[in-house]
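Participant: Let me see the structure of the following:
(one chain, ligands or ions: 1)
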Amino acid sequence: MNSQFDGKVALITGGSSGIGLATAKLFAQRGAKVYITGRRQKELVEAVRDIGESATGIQGDVSVLADIDRVYQTIKQEKGRLDILFANAGVGAFAPLGQISEEHFDKQFDINVKGTLFTVQGALALMSAGGSIILNASLVSIKGNPAFSVYSATKAALRSFARNWAVDLQGKGIRVNAVSPGVVPTPGYHTSLGMTEQQLDDYIRSVTPAIPLGRTGTADEIAKAVAFLASDESSFITGIELFVDGGQGQI
Ligand code: NAD
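Facilitator: Residues are numbered from 1 along each chain as shown. Alright, predicted model coming up:
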């Protein structure tokens, strides 16, 4: 059994679904104490049950600074420190240029960019040398897609955060990297992007020819890459964007 995270304390935002949930399960299997956050209490409770007894759920919205504070107060009281942060919570939506509303812009930047920024900033008080921060960006940070400019810009911002924060954290022994998943079918395609099952099937069929490995990815495959960046296996890596995309962004 892999016990690479024995004794480690990890926080995963948006850990009740998709990539966050898969990562929380993997970290727990490998010995970590795992805190997950999410906006909806019911989903959070179900996810904690699914992950197992080493998981704790804390209800909170990453775009609300008071919620972030509450998350860190809980971790501070219970554990006194944080070793790994996976800033994963994020949402997407479609709107072509010409039809972008202020609400469309604000929601995605509030959750994806502002939420990630203050989640990471809040973590610093609990993190010391050896800590690892992973931001969930996206392949779209380097691509152009129809009606997806605002979401893509939020993810490009995260890629830039990783680069700049690696500099801000210089000498502290805390690493910060971005993971950029390609197409990974998760509940988010329905709940966040609003796709029907048929629309998702059509999308997968249309995009697969552009993926060298000839298929879409799984949340478990992203989780394994996040575990790599979270662990000492990547001890000399900081500031990077690791694409986990079947090669789609590399050709
Ligand atoms: P998902 O919808 O299944 O999971 C997203 C999680 O974030 C959910 O638990 C949701 O409740 C949570 N969340 C959303 N807004 C939140 C908020 N304001 N506060 C707290 N939690 C919030 O989707 P997923 O595909 O697992 O997405 C996870 C991350 O991966 C996102 O940042 C997404 O942009 C990124 N991503 C996904 C893909 C993909 O193809 N699935 C590709 C690239 C990047």
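Participant: how about the helices in the stretch 101-250 of the chain?
Facilitator: Under the criterion DSSP state H, counting those that start in this stretch, the stretch 101-250 of the chain carries helices at the ranges 102-108, 115-123, 149-168, 188-191, 197-207, 219-230.
Participant: Could you dump the ones you listed into a markdown table and include distance to residue 5, mean pLDDT and mean neighbour count?
Facilitator: Just so you know, the C-beta spots here come from the backbone N, C-alpha and C atoms, and that holds for glycine as well. Output for the helices of the stretch 101-250 of the chain, formatted as a markdown table (distance: least, C-beta to C-beta, whole Å; pLDDT from 0 to 100; neighbours: other C-beta atoms under 10 Å):
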| stretch | distance to residue 5 | mean pLDDT | mean neighbour count |
| --- | --- | --- | --- |
| helix 102-108 | 31 | 98 | 14 |
| helix 115-123 | 17 | 98 | 21 |
| helix 149-168 | 21 | 98 | 19 |
| helix 188-191 | 25 | 96 | 16 |
| helix 197-207 | 32 | 97 | 12 |
| helix 219-230 | 7 | 98 | 22 |
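Participant: Out of the ones you listed, the one nearest residue 34 is which?
Facilitator: With C-beta to C-beta as the measure, helix 219-230 is the member of those nearest residue 34 (11.3 Å).
Participant: Check which helices and strands that closest one sits against.
Facilitator: helix 18-29, strand 84-87, strand 132-136, strand 175-181, strand 241-244 (3 or more C-beta pairs under 8 Å, 6 or more residues apart in numbering; DSSP states H and E).
Participant: Which of these sits closest to the ligand?
Facilitator: helix 18-29 (2.2 Å; C-beta to the nearest ligand atom).
Participant: Could you give the average pLDDT over that closest one?
Facilitator: For helix 18-29, the mean pLDDT works out to 98.
Participant: tilt between that helix and strand 132-136?
Facilitator: Orientation check (axes from the mean of the first three to the mean of the last three C-alpha atoms, to 10 degrees): helix 18-29 against strand 132-136 gives 150 degrees.
Participant: Just give the strands next to the helix or strand following helix 18-29 in its sheet, each with its orientation.
Facilitator: For helix 18-29, the following helix or strand on the C-terminal side (DSSP states H and E) is strand 33-38. The pairing partners recorded for strand 33-38 under DSSP bridges are strand 9-12 (parallel), strand 55-59 (parallel).
Participant: What are the buried residues along the next helix or strand along the chain from strand 33-38?
Facilitator: The helix or strand immediately downstream of strand 33-38 is helix 41-51, counting by DSSP H and E. Within helix 41-51, the residues that count as buried by 16 or more other C-beta atoms under 10 Å are 43-44, 46-48, 51.
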